[in-house]
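Undergrad: Build me a model from this:
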Amino acid sequence: MKIKVGLDIGGSTTKIVGMQDGKIIAREIVRAADPVTSAFGAVGKLINDHSISVNDIEQINITGVGSGYPQAPIFGIKTVVVEEFKATGLGGLYLSGLEHAVVVSMGTGTAYLEATKNSVRHIIGSGVGGGTLVGLGMALTGTSDAVKLSDMATSGDILKCDLTIGDITKNGVTGLPMNVTASNFGKAANDLSREDKMAGVFNLVYQAVGTVAVMASRQCNLKDIVFTGQLTDLKECQQYLLPFEDLYGVNMIIPDDAVFATALGSCLAEGQADK
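TA: Numbers count the residues shown, from 1 in each chain. Down below sits the predicted model:
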């Protein structure tokens with residue numbers, strides 16, 4: 001039983017995926033203070049929780065911002081570095097079952113990729129992402145826990161925060177519904193609750209990501225847009241991204257296990273260099 005392991009070492013979390021015969025057999029997320037501890041801890045957790053022997057693992061492919069920190073093979077297993085954009089693109093295609101798509105990686109910031117099984121091209125990047133959401137959440141509420149911020153946003157009233165087209169015109173705008181956002185935080189007042197503020201922040205972040213994704217898809221002449229990364233795990237992801245489908249005639253795809261796309265893609269990619 002030979003298993004290939006993919007490791008996505010991020011700034012705050014590390015995702016790990018085990019694959020055998022082209023199928024996912026295990027997945028985990030771990031947190032640690034530094035990338036080396038995180039990498040070894042993730043592999044150790046995978047081995048322990050899924051009754052895998054070290055000898056069963058033929059290779060570990062690592063990617064992500066922390067992939068340069070481990071200086072030796074992890075647990076003596078052949079360890080190979082994979083370019084992050086390539087891993088994300090391949091992982092997004094695998095999870096969506098597509099051959100060609102725009103793949104969006106929503107991490108601390110956001111990367112937009114054109115991906116096929118043979119090539120992955122970086123289209124553009126944005127500083128608006130999970131870091132923006134958590135940073136604004138901390139500034140506005142004193143809380144940096146994304147799940148707690150999401151719960152606040154669910155209880156908030158977006159119409160107390162954002163201006164819609166219906167708020168600024170009675171005649172409408174050709175091709176746009178009256179409830180479409182005209183200005184994020186355009187209606188904000190001093191009496192906004194923290195829940196209302198967080199509803200506005202979530203809408204701002206996901207709409208900014210979605211808008212650039214649509215522009216990227218048009219540049220590539222593609223309608224399929226696959227979303228990956230940590231922000232796909234929050235309930236607001238579908239709430240704020242899926243309306244883009246009817247608005248702009250695109251397919252907004254948020255596959256199962258999208259959080260693990262980059263770790264998964266690293267399993268599928270050829271590495272650049274051995275550790």
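Undergrad: Test my guess that residue 251 contacts residue 245.
TA: Yes: counting by Cβ atoms under 8 Å, residue 245 is a contact partner of residue 251 at 6.5 Å. Every C-beta, even on glycine, is put in place using the N, C-alpha and C of the backbone.
Undergrad: give me the low-pLDDT residue ranges for this structure?
TA: The model of the chain has pLDDT under 70 over residues 1, 271-275.
Undergrad: Show me which helix runs longest in it.
TA: For the chain, the longest helix by residue count, based on DSSP state H, is helix 194-219.
Undergrad: Spit out the contact partners of residue 46.
TA: Shown in contact with residue 46 (Cβ atoms under 8 Å, 6 or more residues apart in numbering): 5, 16, 18, 26, 28, 52.
Undergrad: Turn the residues you listed into a markdown table, columns for neighbour count, secondary structure and distance to residue 131.
TA: As requested, the contacts of residue 46 are exported to a markdown table (neighbours: other Cβ atoms under 10 Å; DSSP: H, G, I helix; E, B strand; the rest coil; distance: Cβ to Cβ, whole Å):
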| residue | neighbour count | secondary structure | distance to residue 131 |
| --- | --- | --- | --- |
| 5 | 27 | strand | 27 |
| 16 | 29 | strand | 22 |
| 18 | 25 | strand | 29 |
| 26 | 18 | strand | 28 |
| 28 | 19 | strand | 23 |
| 52 | 19 | coil | 33 |
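Undergrad: closest to residue 123 among these?
TA: Nearest to residue 123 among the contacts of residue 46: residue 16, at 27.5 Å, using Cβ to Cβ.
Undergrad: if I look at the closest one, how far off is residue 212?
TA: Remark: distance between residue 16 and residue 212 (Cβ to Cβ, to the nearest Å) = 29 Å.
Undergrad: And for residue 166?
TA: 25 Å.
Undergrad: next one: residue 167
TA: To residue 212, residue 167 is 24 Å away according to Cβ to Cβ.
Undergrad: Now the one helix or strand residue 149 maps to: buried residues?
TA: For residue 149, the element it lies in under DSSP states H and E is helix 146-155. Residues of helix 146-155 classed as buried by neighbour count (16 or more other Cβ atoms under 10 Å): 146, 149, 150, 152, 153.
Undergrad: Quick check: which helices or strands does it pack against?
TA: Helix 146-155 sits against helix 130-141, helix 194-219, helix 236-241, with contacts defined as 3 or more Cβ pairs under 8 Å, 6 or more residues apart in numbering; DSSP states H and E.
Undergrad: Output the ones you listed as CSV; include the columns mean neighbour count.
TA: Converted to CSV, the helices and strands packed on helix 146-155 look like this (neighbours: other Cβ atoms under 10 Å):
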stretch, mean neighbour count
helix 130-141, 18
helix 194-219, 21
helix 236-241, 19
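Undergrad: Quick check: residue 255 touching residue 226?
TA: Yes: using Cβ under 8 Å, residue 255 is in contact with residue 226, at 6.7 Å.
Undergrad: Hmm, residue 192 is touching residue 160, no?
TA: Yes: between residue 192 and residue 160 a contact is recorded at 6.2 Å, counting by Cβ under 8 Å.
Undergrad: Name the nearest residue to the residue positioned nearest the centre of the chain, sequence neighbours excluded.
TA: For the chain, residue 229 is the residue whose C-alpha lies nearest the centre (Cα atoms, centre = their mean; 1.7 Å). In this structure, residue 229 finds its nearest non-sequential neighbour in residue 106, 3.7 Å apart by Cβ to Cβ, 6 or more residues apart in numbering.
Undergrad: can you check residue 152 too?
TA: Excluding its sequence neighbours, the residue lying closest to residue 152 (Cβ to Cβ, 6+ apart) is residue 198, at 4.2 Å.
Undergrad: Please apply the same query to residue 245.
TA: Leaving out its chain neighbours, the residue that sits closest to residue 245 by Cβ to Cβ, 6+ apart is residue 252, at 5.3 Å.
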